[in-house]
Every structure is written in structure tokens, then in C-alpha cells.
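Visitor: What follows is a predicted protein model with its sequence.
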Amino acid sequence: MGGLSSEREVSLASGNAILKALTEKGYHAVAIDVGRDVAEKIHDHDIDVAFIALHGKYGEDGAVQGMLEVMGIPYTGSGVLASALGMNKTISKQVFRSKGLLVGPYEVIYAGAADRVHAILEEIKFPAVIKPHAEGSSVGVSIVFKKEDVAPATELAFEYGDEILIEKFIKGKEVQVGVLGERALGAIEIVPKDSFYSYKAKYEQGMSEHFFPARLPDAVYKRTLEAGLAAHRALGCRGYSRVDFIIDESGAPYILEVNTLPGMTATSLLPDIARGAGMSFPELVEEILRLALWSKPTVSA
Ligand SMILES: Nc1ncnc2c1ncn2[C@@H]1O[C@H](COP(=O)(O)OP(=O)(O)O)[C@@H](O)[C@H]1O
Ligand SMILES: [Mg+2]
């Protein structure tokens, strides 16, 4: 838990909630705050399996997963490749499209070519979304409504890396699908009190309303669950994930992203979905643990 990304605080909240649930279930669990010395700490604690409660860079992008592979330690959630794909919004969009999932219009801009943004917006039109290509928790994401919004939004997004995305703003319902094992557990609808599901709307009490199940016609709900599972599979995810969609007015599910390490506080969305599907938070945590690969490679001394 913890880690070195912009989502450190969220990760500590996820990690502490998971720790409590594991302890309640009778596991001997220790908290490891991930810093540059994480390999030493893991070695010192002599752990059997790592329950990864990190979000963002190094934790969700395959880096820590790769380190654990090298150390021969099983871990929860997706492997190296799926984690890296999921973290990269540009590459994952290409994979989703290749599998027939609905991806809204978007363009990529690299640092040094920021002036392209105006030409792109002539095509994509306002409102549009400007975001970093590899962050989470809505960090660096802006909705732009007019010309004057563009420069600050572009600068903000570039603070998080040298590649940003300009997307068409899809008007509709924000719906997220929880996937556990090989099953879509359900879909939850979020109604943010902000203009979108911002950092504030995600983490401040009372800044968003949740509806489970999402208020969609049966056929649309079913289609969204299918799209969620298809996205999880498209990236080759393992164990669990949460897939973000905007459902437009015609009922078409536009995928935004797959979160390979979704928030895991007792009030986060995946736990909310699991609860709606009849599973308590400790039960969800235990199931995720069970889905980790337990087969420890034999490392000769
Ligand atoms: N193309 C879009 N159309 C409408 N809303 C969007 C779009 N892209 C992002 N958003 C809003 O911004 C939020 C964060 O965007 P997302 O791509 O999921 O990034 P993050 O990884 O930070 O969660 C979404 O939950 C949604 O509210
Ligand atoms: Mg998201």
C-alpha cells in the first residue's frame, strides 16, 4: 500500500481497509508501505502472497508486478502485461477497438506538439475532455467547454507525462462494471455533484450519488455487463477489475478505461457492487486473495 504515485493517499485507504478485512478473516497480514526499498521490506517480512493495494504509477502499471514475478512471490490482480495495458489509456483504447468495443473519438498529443490541440478540437468539438494518458482518480482530467479552457487544461495534463489525450465528451450516464473472477458482478451508476466524476466527487463525502443496480433498461444493463467482461478479457486481466463506461442517450456503452487495481475502501465502487451482489467486503477481499496465483515457483538457493 501507499507507494510513490499521485494516488498514494487513496492507496493507503484501500490498503488499510484490506488489512482490516484480511485480519478479520484470520489471515496474518502485514502492511508494507511501498517505497524504493520495497523489495528489501518484502524480503524481511518473508510473505507468502502480496495483496497489492496500490494505485497508479509503479503499482498499477506492471512495475511492482514484474518485481514480484522476479522475486517468485504470488500476487493479487492482473499480471505485468494487463497492468501495463490498463494503465495506458492510449494503447488500451486500441485494444478495445480491435475487440469491437465502443470507444469514443479521441486523439493523442505528444509534448512539443501541444499546438495541435486547436486543430483537433475543430474535429472533436466542445465540450471535450483533456487528460493525461496514464493517471487515475481523475488527476489531471479537465472538461473543456470553450477556447479559453484549452491552454490551462493542456498544461495541467502535460504535468503528468509527455503524452495526453483529447476525447469527445460523451454525454450520458456514468456506469462502472465490477468484474470478479470470470464474472461481471454488476453495474453501478454514479451521479457526481461536480460537472464530472472528479477527484473531489470521487473522494469527498456526499459529492456523488451511487445507484445499484445502474438505472438502465434491462437490455442496456446486460449489454454493459457483457462489454465490461469483454474489456477485462481484452486486456487479459486476472482476478478482478472495474471497467468505466459512459452510456449515451441511445444506450450505447462507451468504454473509458479498465482499472486493474480499483479503489478498495469499504465505500469504494467495486465493494459497493459486490455488496449489491450479496458479497461483504471481507468476502470480496478473500475472494480476490483466492484468485491470486498461489503456485510459488521453486527458487533454488
Ligand atoms: N470522454 C469522456 N466523456 C465524458 N466524461 C468523461 C470522458 N472521459 C473522462 N470523463 C470523466 O472523467 C472521469 C475520469 O476519467 P477517466 O478516463 O476514467 O480517468 P481516471 O483514470 O482518472 O479515472 C470519468 O469518470 C468521467 O466522469
Ligand atoms: Mg476512471
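Guide: Sure, I can see it. Everything numeric in this text was worked out from a predicted model, so none of it was measured. Ligands and ions are numbered 1, 2, ... in the order given.
Visitor: which ones are touching Pro282?
Guide: 21-22, 24-25 (Cβ atoms under 8 Å, 6 or more residues apart in numbering). C-beta: built from backbone N, CA, C; applies to glycine.
Visitor: try it again with 10 Å
Guide: Pro282 sits next to 17-18, 20-25, 266 when contact means Cβ atoms under 10 Å, 6 or more residues apart in numbering.
Visitor: Check the gap between the residue positioned nearest the centre of the chain and Asp218 for me.
Guide: In the chain, the residue lying closest to the centroid (Cα atoms, centre = their mean) is Asn259, at 2.1 Å. As judged by Cβ to Cβ, to the nearest Å, Asn259 and Asp218 stand 26 Å apart.
Visitor: just Ser280 next, same as before
Guide: Separation of Ser280 from Asp218 (Cβ to Cβ) stands at 27 Å.
Visitor: of the two, who's got more company?
Guide: Higher neighbour count among Ser280 and Asp218: Ser280, with 14 against 7, using other Cβ atoms under 10 Å.
Visitor: right, and the more buried one touches Glu286 too?
Guide: Yes: between Ser280 and Glu286 there is a contact under Cβ atoms under 10 Å: 9.4 Å.
Visitor: so what sits against both of the two?
Guide: The contact sets of Ser280 and Glu286 overlap at 21, 24 (Cβ under 10 Å, 6+ apart).
Visitor: and the next element down the chain from the helix or strand of the chain with the lowest mean pLDDT?
Guide: Among the helices and strands of the chain, helix 199-203 carries the lowest confidence by mean pLDDT, DSSP states H and E, at a mean of 90. Per DSSP states H and E, the first helix or strand lying C-terminal to helix 199-203 is strand 208-211.
Visitor: Contacts for that following strand next, please.
Guide: Here strand 208-211 has contacts from 173-176, 187-194, 197-198, 200-202, 267, 269, 272-273, 276, using Cβ under 10 Å, 6+ apart.
Visitor: Show only the entries of the residues you listed found in helices.
Guide: When DSSP state H defines the helices, the subset of these inside them is 200-202, 269, 272-273, 276.
Visitor: Check these one by one and keep those near ligand 1.
Guide: Near ligand 1, taking Cβ under 6 Å from any ligand atom as the test, no member of the ones in helices among the contacts of strand 208-211 is found.
Visitor: Any quick PyMOL command for the buried ones out of these?
Guide: Here is the PyMOL command that selects the buried residues among those (16 or more other Cβ atoms under 10 Å):
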select buried, resi 201+202+269+272+273+276
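Visitor: For Ala230, state which of the ones in helices among the contacts of strand 208-211 is nearest.
Guide: Among those, Ile273 lies closest to Ala230 (Cβ to Cβ), at 17.3 Å.
Visitor: and the closest one, what is it in contact with?
Guide: With the criterion set at Cβ under 10 Å, 6+ apart, Ile273 makes contact with 176-180, 184-188, 210, 212-214, 242, 262, 279, 284.
Visitor: Would you mind checking those residues for buried ones?
Guide: The neighbour-count test (16+ other Cβ under 10 Å) applied to the contacts of Ile273 identifies 176-180, 184-188, 212, 214, 242, 262, 279, 284 as buried.
Visitor: re the thing from before, in strands only, show me the contacts of Ile273.
Guide: Among those, DSSP state E puts 176-180, 184-188, 210, 242 in strands.
Visitor: gap between the residue of the chain found nearest ligand 1 and Leu22?
Guide: Relative to ligand 1, the nearest point of the chain is Tyr197 (3.2 Å; Cβ to the nearest ligand atom). Tyr197 is 29 Å from Leu22, where distance means Cβ to Cβ.
Visitor: can you check Ile247 too?
Guide: The spacing between Ile247 and Leu22, counted by Cβ to Cβ, is 35 Å.
Visitor: Which one of those two is surrounded by more residues?
Guide: Ile247 (24 against 18).
Visitor: Please tell me I have it right and that one contacts Val175.
Guide: Yes: here Ile247 reaches Val175: they are 5.3 Å apart, a contact under Cβ under 10 Å.
Visitor: list the helices and strands whichever helix or strand Ile246 is part of packs on?
Guide: Using DSSP H and E, the element containing Ile246 is strand 240-248. Contact partners of strand 240-248 among helices and strands, from 3 or more Cβ pairs under 10 Å, 6 or more residues apart in numbering; DSSP states H and E: helix 80-87, strand 172-180, strand 183-192, helix 218-235, strand 253-259, helix 269-276, helix 281-290.
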